[in-house]
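[1] any chance you could fold what I've pasted below:
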Amino acid sequence: MEERNELYPVFLKVNKLNILVVGGGNVGHEKLHFLFKSSPNAQVEIVAKWFLPETEELAKKHGAKLIKGRYKKKYLRKKHFVIAATNDAKLNKRVHRHAKKRFLLANIADTPELCDFYMGGIVNKGHVKIAISTNGKSPTTAKRLRQFFEEVIPENVNQMVENLNEYRKSIKGDFEAKVEQMNTITESLIVKKESND
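    Sure, this is the predicted structure:
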């Protein structure tokens, strides 16, 4: 049987969740950069013995709290998930162990078997957001797919979404009737190529 991606994609309101990032170096910075790029108002605390200057700058720009010092399990209190991004494998595993005891979701950098979730490639055009996962197999493929979707999704897609939202509000009837009308009006978005046979 062919192997398949069994991950379930979700879109988290990280401006309403509390996130802990452990690690102030390159990997931690990369995780923070992509998190804030997608969700500028994410609620984040970062704990590390030291921070890259660009991480300090990024944290300041987005109102993230920096905790300078050693990681302690008390920092997991009132958190919804944790990202461990240090170059210390033992510390990363300890963070994972502490997270599991508290039923917290954890992402342990470069250790897929200790990850409850991955941070995939993201295409963002206004209200439209597409997340791409290769099940941790090929970040390069995810990157290329992201570039492809950024090219093919029209720049005015946000206006279309806004217009359809206004139209949806004006439709009378029950949920099923509304879905049927929205399906009819959006059919033209999918252009089917006619067969040459």
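[2] ranges for the strands of the chain?
    Ranges of strands in the chain, per DSSP state E, are 18-22, 43-48, 65-68, 81-84, 105-108, 121-125, 128-132.
[3] distance to residue 5, mean neighbour count and mean pLDDT for those - can I get that in a markdown table?
    Yep, even glycine has a C-beta here, placed from its N, CA and C like the rest. Compiled in a markdown table, the strands of the chain are given as follows (distance: least, Cβ to Cβ, whole Å; neighbours: other Cβ atoms under 10 Å; pLDDT from 0 to 100):
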| stretch | distance to residue 5 | mean neighbour count | mean pLDDT |
| --- | --- | --- | --- |
| strand 18-22 | 24 | 23 | 98 |
| strand 43-48 | 27 | 22 | 98 |
| strand 65-68 | 34 | 14 | 98 |
| strand 81-84 | 21 | 26 | 98 |
| strand 105-108 | 17 | 22 | 97 |
| strand 121-125 | 13 | 17 | 89 |
| strand 128-132 | 11 | 16 | 92 |
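[4] could you dump those into JSON lines and include distance to residue 149?
    Supplementary listing: the strands of the chain in JSON lines, determined by distance: least, Cβ to Cβ, whole Å:
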{"stretch": "strand 18-22", "distance to residue 149": "26"}
{"stretch": "strand 43-48", "distance to residue 149": "26"}
{"stretch": "strand 65-68", "distance to residue 149": "34"}
{"stretch": "strand 81-84", "distance to residue 149": "25"}
{"stretch": "strand 105-108", "distance to residue 149": "23"}
{"stretch": "strand 121-125", "distance to residue 149": "4"}
{"stretch": "strand 128-132", "distance to residue 149": "6"}
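[5] so which of those strands comes closest to residue 187?
    Nearest to residue 187 among these is strand 128-132 (18.2 Å), distances taken as Cβ to Cβ.
[6] buried ones in stretch 136-148?
    The neighbour-count criterion (16 or more other Cβ atoms under 10 Å) identifies 142, 145, 146 as the buried residues of stretch 136-148.
[7] for the closest residue in space to the first one that isn't next to it in sequence, name its beta-bridge partners.
    Read that as residue 142. Setting aside the residues directly before and after it, residue 142 is nearest to residue 121 in space (Cβ to Cβ, 6 or more residues apart in numbering), at 3.7 Å. Taking DSSP bridges, one finds residue 132 as the beta-bridge partners of residue 121.
[8] residue 121 against residue 140, yeah?
    No: using Cβ atoms under 8 Å, residue 121 is not in contact with residue 140, being 10.0 Å away.
[9] how close does residue 154 get to residue 127?
    Here the criterion is Cβ to Cβ, to the nearest Å. By it, residue 154 lies 13 Å from residue 127.
[10] domain map for this protein?
    With automatic domain parsing as the criterion, the domains of the chain are listed as 18-119, 120-153, 157-189.
[11] from the chain's centroid, how far away is the longest one?
    Between the mean C-alpha point of domain 18-119 and the mean C-alpha point of its chain there is a distance of 14 Å (Cα atoms, centre = their mean, to the nearest Å).
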